[in-house]
Every structure is written in structure tokens, then in C-alpha cells.
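Trainee: turn this into a structure:
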Amino acid sequence: MILAPKYLPRLAATVGLFTRYGLLEFARGQGLLGLDGAELADGEGADEEDSSDGKATAFRHRLVELGPAYIKLGQVLSTRPDLLPAAYIRELEHLQDSVAPMALDEVERCIEDELGARINKLFASFDPNPIGSASLGQVHAAELRDGREVVIKVQRPGIREILVEDIGFFRELAGFLAAHTSAGSKVDMVGVVQQVERALTDELDYRVEARNAANFRRSLAGFPHILIPRVIDAYTTHKVLTTQRVRGVKISAIPAITRIDHDFALLADEFARAYLHQITGTGHFHADPHPGNIFIVFPGRENPLTPGEERAGDRREEERPAATTLIKTEVEARKEAAASADPEAVKLALIDFGMTAHLTESMRDSVVRLLLAMAENQGDEAADVLIHMGEHGEMFDRTAYVRDVSALIAKHADEAVADVPAGIVLFEMIGIGYREGLKLPAELTLLAKALFSLDAVTRALDPNFNPSETIREYASNIANERAKRDLSPRRLFQIAASTSDLLGALPRRLDTITERMARNDFAFRVDTPQLPMLLKGMEKIANRIFTGLVLAGLLIASSTLLQYWRRLGVICMVIAAGLGLYMIVNILINDRRNAGGKG
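Mentor: The predicted structure is shown next:
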């Protein structure tokens, strides 16, 4: 129950979060101010910041103060422009938690308990100073006994128990909002919380991140300039993750002098194609490719090898059998790898695979169609694809949605292609869907964020690079390949088999139809989703007209009685005035409530 005593502090903090930082209208629209615990939020409605950017920054800082569950909620909200204003979305893109580091004895105890040996037996050296410290874990540098440099991520003790209470509260709050607010009919509140819960569950089990890293290393093995550090399987558990150490430069800090010696445009193009391969090829993509997770690796520094380089340097005549799933994935990556890159070429290293997304095959096909429609400025086609991917109820206005999306695509078609990131356009289309009553899958918002980050990363590598051109070319190639696949002998056989089943069932179905027609038991059903709403509106109009007529009759009768029976006439006049005032107030309240529900 949302008003249970154990949830009241969290309820007060959540209501305060959405009322003290410029989001009062958002809180009112989501129904947060209708909760009985809302008065617990101190300073609600305060308007202390000078600008929306300042409020958004304060909002981000408050999320960090509330802990890891709220930080993850903020990261999920950063993919939902249908829920928060643009200034807050931009600010939440930079949401990173930074907390006091764990005590060294806690770190060592966790590593020794998980790996079953003492630190000095496991590592040749271990740096006691953390590289980074976050709310879920802490990272240290070390060197293995065989000389390989690694980084070790260690989970904070007791963090799971803390998050269980927060997630339980989020579930209760989402259920309440979905059942009792107008926004709940448009936005999948429970789905948002489930997205937060899945993300936290994956990030709390480091074996999931290890599998993600291994799978990405294999799926991107065909791109020789993309480096993903290998997971050290024997040093990884659900609370400890060990990977090869990458020594590079953040893409936001590329030295200007290096642009003379190296061609970053080729690197930007390969990264864009690698990312599109994840989205449209495997359907498993990195959902958080922000600049902090990507490094430039220059030649001449000691760094991990790509699968192609590993294969080129392997002189063994016989391949050892894979003992674990991660090792088997690495073997497959070497087999599928492209030829190793020029040793003097720069590479792009990706790290941190805790937040990923999966697209089904049908969703991948829809994404390809969507990207093509956006690239070719076909607004109607883009709107149709999104409608097919989403869920819509009685309030959905298809005509308005197609019109608004087409206008959006047409507006951006008049601008320079390089000035219109595909992620921004997709975010805007998702926002239009929310306004018109279309629920789109959560994976689509993650895709929009990934495309937006793709644009930011490629422009950091090469300011003149145009990712939209690469998206158009890649989507066209994928569409052509899938068209050829549909004409393959295997696909034609599947179509023939389906057609054979249809023809086999056709005589029986025709016999059933003619038999029902002969019994006069044949009927058509016409489904009109807007009809109940229309009837409800007509019923409301009829009730108001009837009430108005009764009120008019009462007023006329009262004025007539005043001439013969003054006291009774005055009483009837007062009653009529009261009924009239009640009717006017009721109409105003209902109309405002309906207007708020549509907004």
C-alpha cells in the first residue's frame, strides 16, 4: 500500500523531488499532488531557482543524494521525453553518481570471499586507491600474476537490501498512478518501474555485464578498430568483475595535434556502422554509449588486443576446448574477426556494459523501416511504423498523430541534415505519441538515446562527420539484404507451405460460411473505437440540456408564484439559483479535468 508507514519517507522525498525543482506542473499532471502523503514534502511548489537549467541541475543533484535507485530512475527518465521537459532530459544525460569510497578492508574482504583466495595470492600488485567510486560499486587497478593489467569492479556490501525497499516503493507508486491518474492511461508507469528494476538487477549481477561484454566483443569482431576489453572469467563473480585495463583518452579530450597524424573520420564511420550493426543486426545494443564510456586508444601504449589481433598472434596448432561460456564466446569472436587493423591506427575502446537493450526480430525489421522513412523524409511511413510498434486505446487520434509526425519530418527536411540528429527526431516523435495517446515500447526510447549518443560520439571524433548519411546508407543496405533473404529458396518454401495450409483449410471454411448463411446465422460486427466516447459526450449534452430546461421551468414558475404567494416564490427562486450555481461549477470543474487529462 502506497501510504504504508514504511513508504511515507520515500513518498515525501519523491513528491518533493517533483515539486521543488520546477516540475510542479509535471507532478500535478501525474497525480502526485493528489496523494495524502504529499503534504510531507517540505517546500513543495517553491520556485527558488532562477532558470529551468538551474532547476534541472538541482534536480539531478537531488537524485544523486537520494541514492542508487533514484539515480537509475533518473537514467531511465533521461530516455523519456514524453515525461520530462527537454532541459531536464539534457541534464539527466550527465547523471553520474559519486560517493565516498569504500574502506579498503571492505574491498579486500569482498574480493577474497568471492574469489576464494587472499589478495596477495590473486594479484601481483593491487592499487589501494580506487579509480572510481559509485553508489553500486568501486573500481581498482591491479596486475595479474601473468603480468596482465586489469581493473576490478567490487560491489558495495548491503546494497541489494537497500534497493529492495526502493523498488518495492516504486512498484506501489507506479500501480497507484496507473490506476488513479490520467497520465497512467497514456504512459506505462509500471513499465517504467520494470525498466528500472531490470536495469538494477542486471547491474547488481556482474556476471550479466560480463556476458554482455563478451557478446559485444564477438558481435563487433568484424570491426577491427573497435576494442572491447576481455573479461577475466576466473576472476569474475556476481559481486566482482575483472576485465583487461584500457589506457586511453576520453573522446571529449582528444589532443588537437593528434588530428594531424590520425584520420578520425574513418574511426567515426566505423563506430557508426558498428552501432547500427548492433541495432539492426544482432538486436542487442549498448544503451548507454555516452562519452565517459568510450576512449581513444593510440598506438604505442600497452592495451588489450582485439579478437583479430589475438588470432593473428596465436601460434598454437591445436585449439584448446572452451571450458566456460565466456571462453567459448571469445573463441567464436576470433573465428568471426576481421583482419587486424594497422598497428599505427587509432582504435575506439568501449567499456561498461551494464545497461543494454534487446530488440526482437520483428522490432528490428520495424526499426530498419523507421530509419529508412526518417532518412527519406517519409513522414507518413514513419508514423505508420510507430503506430504498428505501439499500443493505442480509445483516446488515440491516428489522423492527428500522422499529421504531426509528417509535419515534424517535413520541418527537419528543410534544415541541414547534419544539424538534425536522428535521436532528437525520434525523441520528438515519441513525445507526439504520448500527447496523442500512443504508448511506444521502452526499447524505442533506449534506441532514441543510443542514436542521440551516437551522434555526439561521432561528432566528437570528427566535427564534420554526418551520421545521418551513414544511417541512410546502412539502413538501405540492410533493407536490400532482407529483401533478398525473403526471395531465398528457404523463404519461398516457407511461403509455399503457409499457402498450402491456407488452401487446405479453405473448403472447410467456405462450407462453414455458406452453412451459416443458409441458417440465417451470418452477421457482421463493426468495431468503432470512438463510438462509446461519442455516446458518452451526447449523454452529457442531453443531461445538461434537460437540467437547463428544468431550471428554466423552475425560474418561470417562481416568478409567477411571486405575484400570488411571495414566500413560496422566493424559496423556489433561491432553490433555482442554487441549482444553477451548482450546475455551472460542476461544468467548469469537469471541463477543466477533461482538458487536463488530454494535455
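Trainee: how about the strands in the stretch 351-500 of the chain?
Mentor: Secondary structure of the stretch 351-500 of the chain by DSSP state E, counting those that start in this stretch: the strands cover 356-358, 391-392, 438-439.
Trainee: check the stretch 51-200 of the chain too.
Mentor: Going by DSSP E, counting those that start in this stretch, the stretch 51-200 of the chain shows strands at 123-126, 132-133, 137-144, 149-155.
Trainee: what's the pLDDT at the residue nearest the centre of the chain?
Mentor: Nearest to the geometric centre of the chain sits L446, at 3.4 Å (Cα atoms, centre = their mean). Looking at L446, its pLDDT is 82.
Trainee: touching, E112 and I119? I think so.
Mentor: Yes: with contact defined as Cβ atoms under 8 Å, E112 counts as touching I119 (6.4 Å). The way it works is simple: take the backbone N, C-alpha and C, and place the C-beta from them, glycine included.
Trainee: buried deepest among the strands of the stretch 351-500 of the chain, which one?
Mentor: The highest mean neighbour count among these, using mean count of other Cβ atoms under 10 Å, belongs to strand 438-439: a mean of 22.
Trainee: before we move on, the earlier item: CSV for the strands of the stretch 51-200 of the chain, including mean pLDDT, mean neighbour count and distance to P343?
Mentor: Below are the strands of the stretch 51-200 of the chain laid out as CSV (pLDDT from 0 to 100; neighbours: other Cβ atoms under 10 Å; distance: least, Cβ to Cβ, whole Å):
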stretch, mean pLDDT, mean neighbour count, distance to P343
strand 123-126, 96, 16, 27
strand 132-133, 84, 15, 30
strand 137-144, 94, 20, 24
strand 149-155, 96, 22, 19
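Trainee: so which of those strands is nearest F427?
Mentor: Of all the strands of the stretch 51-200 of the chain, it is strand 132-133 that lies closest to F427, at 29.2 Å by Cβ to Cβ.
Trainee: what helix or strand is I575 on?
Mentor: I575 is part of helix 566-598 when elements are defined by DSSP states H and E.
Trainee: and the residue nearest to the centre of the chain, how far from F298?
Mentor: Per Cβ to Cβ, to the nearest Å, L446 is found 31 Å from F298.
Trainee: which parts of the stretch 301-450 of the chain are helices?
Mentor: With DSSP state H, counting those that start in this stretch applied, the stretch 301-450 of the chain shows helices at 307-313, 325-336, 361-375, 379-389, 398-413, 422-436, 442-461, listed in chain order.
Trainee: Y401: which of the strands of the stretch 351-500 of the chain is closest?
Mentor: strand 438-439 (6.1 Å).
Trainee: and stretch 245-256, average pLDDT?
Mentor: Stretch 245-256 comes out at a mean pLDDT of 89.
Trainee: and that stretch, which residues are buried?
Mentor: Of all the residues in stretch 245-256, those buried under the rule 16 or more other Cβ atoms under 10 Å are R245, V246, G248, V249, I251, I254.
Trainee: closest to A345 among those residues?
Mentor: Nearest to A345 out of these is G248 (Cβ to Cβ; 13.6 Å).
Trainee: torsion angles phi and psi at the closest one?
Mentor: Backbone torsions of G248, given as degrees, to the nearest 10, read phi -150, psi -170.
Trainee: give me the nearest residue to it, chain neighbours excluded.
Mentor: F295 (3.2 Å; Cβ to Cβ, 6 or more residues apart in numbering).
Trainee: phi, psi of the one you found?
Mentor: phi -130, psi 150.
Trainee: name the nearest residue to H284, sequence neighbours excluded.
Mentor: H358 (5.4 Å).
Trainee: next: G580.
Mentor: L551 (5.6 Å).
Trainee: equivalent analysis for T14, please.
Mentor: L173 (6.8 Å).
Trainee: ok, so what distance separates that neighbour from L136?
Mentor: According to Cβ to Cβ, L173 and L136 sit 22 Å apart.
Trainee: pLDDT weak spots in the stretch 1-150 of the chain?
Mentor: 1-3, 24-52, 79-82, 96-99 (pLDDT under 70).
Trainee: and the helices in it, which stretches?
Mentor: 8-17, 24-30, 52-66, 68-77, 86-92, 104-115, 119-122.
Trainee: winner for burial among the ones you listed?
Mentor: Neighbour counts (mean count of other Cβ under 10 Å) averaged over each of these peak at helix 68-77, with a mean of 24.
Trainee: could you check the angle that helix makes with strand 137-144?
Mentor: Per axes from the mean of the first three to the mean of the last three Cα atoms, to 10 degrees, the angle that helix 68-77 makes with strand 137-144 is 90 degrees.
Trainee: so what's T243 closest to, chain neighbours aside?
Mentor: Using Cβ to Cβ, 6+ apart, the nearest residue to T243 is P229, at 4.6 Å.
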